[in-house]
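[1] next come a sequence and a model predicted from it.
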Amino acid sequence: MSAPINRDLSRREFGAIAVAGAATLATTSQAMATEQNKPGWIDAHVHVWTPDVKRYPLDKNFTIKSMQPKSFTPQQLFAHCKPSGVERIVLIQMSFYRYDNSYMLDTIAKYPGIFSGVGIVDHHQKDVACKMKQLAVKGVRGFRIHSHGDDAKNWVNDQGMANLWKAARKQNLAICPLINPQDVQYIDTLCQKFPGTKVVIDHFARIGVSGKFEQGPLDALCKLARFPTTHVKTSAFYALGKKKAPYLDLIPLIKRLVEAYGPKRLMWASDCPYQVQGGYTYDPAIALIRDRIDFLSEADKQEMLRGTAQRLFF
């Protein structure tokens with residue numbers, strides 16, 4: 001039987017407990033302040049993979065030839081991003097591995113404090129909420145949904161998708177749609193059905209991939225700003241508009257989104273390794289936000305290059 005609890009503490013004992021509690025609180029507050037003021041930018045969208053396909057097998061729909069480049073490991077990433085002042089990264093589960101998030105999770109574990117993750121789960125599984133919770137414990141803060149062809153229109157009435165959005169809202173995790181411009185309307189419907197769910201739209205909803213900034217989809221993307229938990233990644237500059245550094249043709253697009261969402265709901269990302277392939281390089285992408293847009297204040301840049309991603313993914 002346990003010894004009885006002594007409820008009659010002496011003044012000295014009570015004072016010691018109070019001092020210890022205050023010290024713990026001060027340490028916790030200091031750690032939180034350090035995290036909030038941590039120097040260095042955050043790249044909110046990067047894919048990594050390894051040529052070790054024995055340890056990390058590819059999904060049946062992919063082959064080694066699908067891996068272009070053949071390798072993009074954290075060390076290869078650091079060589080590109082660290083010279084530009086990027087210290088933390090949000091990893092996006094690579095489609096090569098589909099629902100097997102192992103390589104991303106192992107990378108997060110190997111580099112504590114450096115990486116956060118956006119995973120992929122099969123939203124048709126009955127235990128999807130449990131799976132999401134298990135992944136969240138390991139550093140996953142969001143879940144990607146990827147439209148293929150015209151299937152996004154089916155999301156609005158899909159029970160599995162409903163379960164995914166409900167679980168994300170309950171667990172304070174983000175839904176991260178990779179969609180085409182014409183699909184913004186379906187995300188709008190889902191935001192109406194599941195208010196309060198955090199949403200992060202990848203790559204401007206691909207507006208500009210065609211070389212033109214389609215006005216209708218852009219209006220629809222800006223309209224999504226009426227949902228206060230919806231965010232947009234200003235990212236994948238290499239793939240949009242003229243697709244040419246220094247990407248100045250994207251400035252009106254970014255300005256429109258800043259006016260709609262404000263910088264606290266926008267975040268920059270590279271979409272590496274694709275940002276560093278085919279003659280493209282890393283720094284011009286971050287430099288567009290960091291150096292070249294005169295309507296962004298220093299505080300705005302801090303939000304887009306660090307603050308927003310930090311709040312959502314770290």
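    Received, thanks.

[2] quick check on residue 242: phi, psi?
    Note on residue 242: its backbone torsions stand at phi -70, psi -10 [degrees, to the nearest 10].

[3] what's the separation between it and residue 208?
    As judged by CB to CB, to the nearest Å, residue 242 and residue 208 stand 9 Å apart. For the C-beta atoms, the positions are set from N, CA and C on the backbone; glycine is no exception.

[4] higher neighbour count, these two?
    Residue environment comparison for residue 242 versus residue 208 gives the larger neighbour count to residue 208, 24 against 12, counting by other CB atoms under 10 Å.

[5] and that one, which of the three is it?
    Using DSSP: H, G, I helix; E, B strand; the rest coil, the secondary structure recorded for residue 208 is coil.

[6] look up how far residue 74 lies from it.
    From residue 208 over to residue 74 (counting by CB to CB), the distance is 29 Å.

[7] for the stretch 201-314 of the chain, what spans make up the helices?
    Remark: helices assigned in the stretch 201-314 of the chain by DSSP state H, counting those that start in this stretch are 215-223, 251-261, 283-291, 298-302, 308-313.

[8] what is the rounded mean pLDDT of the second one?
    Along helix 251-261, the predicted confidence averages to a pLDDT of 98.

[9] quick one: buried residues of it?
    By 16 or more other CB atoms under 10 Å, the buried positions in helix 251-261 come out as 251, 253-254, 256-258, 260-261.

[10] any chance you could list what contacts that helix?
    Residues external to helix 251-261 that are found in contact with it (CB atoms under 8 Å, 6 or more residues apart in numbering): 204, 207-208, 213, 218, 221-222, 225, 230-232, 234, 240-241, 266, 288-289, 292-293, 295-296, 300.

[11] quick revisit: export the buried residues of helix 251-261 to JSON lines and tack on distance to residue 270?
    Conversion of those to JSON lines gives the following (distance: CB to CB, whole Å):
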{"residue": "251", "distance to residue 270": "18"}
{"residue": "253", "distance to residue 270": "17"}
{"residue": "254", "distance to residue 270": "15"}
{"residue": "256", "distance to residue 270": "21"}
{"residue": "257", "distance to residue 270": "17"}
{"residue": "258", "distance to residue 270": "19"}
{"residue": "260", "distance to residue 270": "23"}
{"residue": "261", "distance to residue 270": "20"}
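
[12] and residue 247, how many neighbours?
    As a burial measure, the neighbour count of residue 247 was computed by other CB under 10 Å and equals 21.

[13] quick one: it from residue 92, how far?
    Distance from residue 247 to residue 92, by CB to CB: 21 Å.

[14] again with residue 52
    20 Å.

[15] who has more neighbours, these two?
    Applying other CB under 10 Å to residue 52 and residue 92 shows that residue 92 carries more neighbours, namely 24 against 11.

[16] phi, psi of that one?
    Per degrees, to the nearest 10, the backbone of residue 92 is at phi -110, psi 120.

[17] can you check what pLDDT the model gives the nearest residue to residue 180 once chain neighbours are set aside?
    If the residues on either side of it in the chain are set aside, residue 180 comes closest to residue 206, at 5.4 Å by CB to CB, 6 or more residues apart in numbering. On the pLDDT scale, residue 206 is placed at 98.

[18] residue 206 touches residue 181, doesn't it?
    Yes. Proximity of residue 206 to residue 181 meets the contact threshold set by CB atoms under 8 Å, at 5.9 Å.

[19] domain map for this structure?
    With domains defined by automatic domain parsing, the chain comprises 9-38, 39-313.

[20] worst mean pLDDT among the ones you listed?
    In terms of average pLDDT, domain 9-38 trails the rest of the domains of the chain, at a mean of 45.

[21] what's the closest non-adjacent residue to residue 141?
    residue 313 (4.5 Å).

[22] in this model residue 114 seems to touch that neighbour, though I could be wrong.
    No. The pair residue 313 and residue 114 fails to qualify as a contact (CB under 8 Å) at a distance of 12.0 Å.

[23] looking at these two, which is more packed in?
    With other CB under 10 Å as the criterion, residue 313 and residue 114 differ in neighbour count, and residue 313 comes out ahead with 25 against 14.

[24] who are the neighbours in contact with that one?
    Residue 313 makes contact with 42, 44, 90, 116, 118, 141-142, 174 under the criterion CB under 8 Å, 6+ apart.
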